[in-house]
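1. prediction below, plus the sequence it came from.
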Amino acid sequence: QGEFLESLGEAARRSSPVLFFVEDNQWAISTSTAGKTFFSIGGAEPDEFHGIKIHRIDGRDVVSAAEQLQSIVATMREHRRPEIVVFRVERLSSHTNADDHTIYRTAGDLEEVTESGDALARLESYLIQHGYDEERLQQLREEVATEVAACEERAFQGADPKPILTAKASIGAELGNALAKPEQDVCDPLTMKDAIREVLRNKLAHDERVVMLGEDIEDPKGDVFGLTRGLSTQFNGRVQNSPLSESTIIGTSVGRALAGQRPVAFIQFADFLPLALNQIMLDMGTMWWRTDGAWTTPVIVMVPCGGYRPGLGPFHSHSIESVLAHTPGLDVFMPSSAEDAAGMLNAAFQSARPTIFFYPKAALNNPQRATTVDVTKHVTPIGRSRKVRSGRDITFVAWGNTVRLCQTAADALEEAAIDSEIIDLRSISPWDQEAVLASAEKTSRVVVVHEDNHTCGLGGEVLATIAEKSRVPVSVRRVTRADTYVPCNFSKQLDVL
């Protein structure tokens, strides 16, 4: 797997004392792995990879394997560097009960496995050869069988498991409802970029667990948009450049979170998120659920998104919030203003839930959406929308860049005596069904506007919910990007968006 190789590279770069333990049974279900792995290439068996020494241990020999592993671990603790162990074992049966290994393994291979592949049988022979009492071994075997049978019976007699219908830890009422209002002093207002930076600066200053990892976030560049400029100088060693590997950024952050830190992971553009989806969907998003709340991954992933800026093109201009909103266990935010950017980032830190924090590139330096300097006091409730404008004739639901487009449309409609209501969803998952339904029932007309492409976008989810739950008939429409990509030509970019 590519991500495993990325982890080897990261351990080699940082000289991290990580033991990579490869249980090698020579099979990938029905495919022999000989000559097809980093530790077995063609007919060769290399003794290192990325400068990391490869140790080969016969796992069928329990006594020798234990001695060798103890020596390797002792060396690692002394020299603080990574090591690789390829632990040779035998697969004693088919891969699963749906698999039949007699189809692809030879009779001779299976006979050899039966005779010499079982580590427990070999250990028993070793003990007998070294004078251990055979009757005592038989007694141990019977005791273990009895204990296992009793455990099995208790398991069958236990209550059936109950389904858990959420994958997120609960949050307090203060994060779901209360709104901390910033001061009204607008002297020296902060843009979205500056507001986010100051929230991060405050968290770094007051919580030593907070660390940041991402591409180009160290000074002098301080992020491709200048979002982190000055932070690596002020907090030396806690704001670090990463390799060009999104899976490493997220995977490392998940590991740090499990170890008690509060990582902030930076993905340079939303277009690069797919390279990290395995770590996000199968580790970061699932950890609380699959450990029944025993483990959490309070990682905040910062993701600049969207178009409406020249020079972007098809690989630096998309927003894929619907993909992340579809992933259980994640909070997904997309503010449209500096005030909400600061408030939602503070809320993400307070909630300690894994969060994908999209922020529109086109809004980063917009002085018209600036906020007050007291960003530490901004707290935006999770799952609550913001009513940008009240109206009685039509409702616009939007988030991110499209909020300002809806405001422009509402101004034009006002000239035609049409009164528009605008809801900035801002929290994509969870989203504010209550506010949207109330507005839909009031105006009986809803238009959802989003920058993500049309098919399976979040707009469909919003309108489906209205259709299912509204107590009155509501006319609905979607205005979205077509199911295509954002081109480099700026005028055509605007046409597509």
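-> Happy to help now that I have it.

2. which residues does the nearest residue to residue 104 once chain neighbours are set aside contact?
-> Spatial nearest neighbour of residue 104, excluding adjacent residues (CB to CB, 6 or more residues apart in numbering): residue 30 at 4.5 Å. Glycine gets a C-beta too; all of them are placed from N, C-alpha and C. By CB atoms under 8 Å, 6 or more residues apart in numbering, the contact set of residue 30 is 95, 99, 101, 103-104.

3. equivalent analysis for residue 382, please.
-> 171, 175-176, 331, 344, 347, 351, 427, 430.

4. tell me the secondary structure at it.
-> Following DSSP: H, G, I helix; E, B strand; the rest coil, residue 382 is assigned to coil.

5. look up how far residue 170 lies from it.
-> 11 Å (CB to CB, to the nearest Å).

6. tell me, what residue is most central in the protein?
-> When CA atoms, centre = their mean is applied to the chain, the residue found nearest the centroid is residue 280 (2.3 Å).

7. report the contact partners of it.
-> 250, 273, 301, 324, 327, 330, 356.

8. is the first one in a helix, a strand, or coil?
-> In the three-state summary, residue 250 is assigned as helix, counting by three-state DSSP.

9. go ahead and confirm it touches residue 284.
-> Yes: counting by CB atoms under 8 Å, residue 250 touches residue 284, with 6.5 Å between them.

10. among the contacts of residue 382, which are in helices?
-> Among the contacts of residue 382, the ones falling in helices (DSSP state H) are 175-176, 344, 347, 351.

11. out of the residues you listed, who has the most neighbours?
-> residue 347 (28 neighbours; other CB atoms under 10 Å).

12. now, which of the ones in helices among the contacts of residue 382 sits nearest residue 116?
-> Taking CB to CB as the measure, residue 116 lies nearest residue 351 of those, at 54.3 Å.

13. isn't residue 193 right up against residue 364?
-> Yes: the criterion here is CB under 8 Å, and residue 193 meets it with residue 364 at 4.2 Å.

14. give me the common contacts of the two.
-> In contact with both residue 193 and residue 364: 225, 227, using CB under 8 Å, 6+ apart.

15. all strands for the stretch 201-350 of the chain, in order.
-> 210-214, 239-241, 262-266, 300-305, 331-333 (DSSP state E, counting those that start in this stretch).

16. list the helices and strands the second one packs on?
-> If I follow you right, that is strand 239-241. strand 210-214, helix 231-234 (3 or more CB pairs under 8 Å, 6 or more residues apart in numbering; DSSP states H and E).

17. which of those has the highest mean neighbour count?
-> strand 210-214 (a mean of 23; mean count of other CB atoms under 10 Å).

18. quick one: the helices in the stretch 251-400 of the chain, in order.
-> For the stretch 251-400 of the chain, the helices defined by DSSP state H, counting those that start in this stretch cover 277-279, 287-290, 321-325, 338-351.

19. between those, which gets nearest to residue 226?
-> Nearest to residue 226, of those and by CB to CB, is helix 338-351 at 14.6 Å.

20. any buried residues in that closest one, and which?
-> 338-349, 351 (16 or more other CB atoms under 10 Å).

21. residues contacting that helix, please?
-> 171, 175, 179-180, 182, 189-192, 194-196, 198-200, 203, 262, 298, 300, 331, 333, 335, 355, 357, 359, 369-372, 375-376, 378-382, 386, 424, 426-427.

22. equivalent analysis for stretch 32-50, please.
-> 5, 8-9, 12, 22, 24, 26-27, 53-54, 56, 84, 86.

23. swap the cut-off to 7 Å and go again
-> 5, 8-9, 12, 22, 26-27, 53-54, 84, 86 (CB atoms under 7 Å, 6 or more residues apart in numbering).

24. what about residue 52, neighbour count?
-> Residue 52: 17 neighbours (other CB under 10 Å).

25. partner residues bridging it?
-> residue 49 (DSSP bridges).

26. surely it and residue 7 touch.
-> No: judged on CB atoms under 7 Å, residue 52 makes no contact with residue 7 at a distance of 10.8 Å.

27. got the buried residues for the helix or strand hosting residue 20?
-> Per DSSP states H and E: residue 20 is located in strand 19-24. Within strand 19-24, the residues that count as buried by 16+ other CB under 10 Å are 20, 24.

28. so what strands line up beside the next helix or strand after that strand?
-> Downstream of strand 19-24, the next assigned helix or strand under DSSP H and E is strand 27-28. With DSSP bridges as the test, strand 27-28 is paired with strand 31-32 (antiparallel).

29. the strand it pairs with: how far from the chain's middle?
-> 32 Å (CA atoms, centre = their mean, to the nearest Å).

30. now the element after it, going C-ward?
-> Downstream of strand 31-32, the next assigned helix or strand under DSSP H and E is strand 36-37.

31. so the residue nearest to residue 104 versus residue 321, what's the distance?
-> Taking CB to CB, one finds residue 30 at 40 Å from residue 321.

32. and residue 95, by the same measure?
-> With CB to CB as the criterion, residue 95 and residue 321 are 38 Å apart.

33. let me see the mean pLDDT of the lengthiest helix in the chain.
-> Criterion DSSP H: the longest helix present in the chain is helix 134-157. Here helix 134-157 scores 95 as its mean pLDDT.

34. likewise for stretch 446-455?
-> 96.

35. ok now that stretch, how far from the chain's centre?
-> The answer for stretch 446-455 is 24 Å, by CA atoms, centre = their mean.

36. contact partners of it?
-> 306-307, 319-322, 394-402, 405-406, 440, 457-459, 462-463, 466, 474, 476-483, 497.

37. which one (most neighbours) among the contacts of stretch 32-50?
-> residue 84 (23 neighbours).
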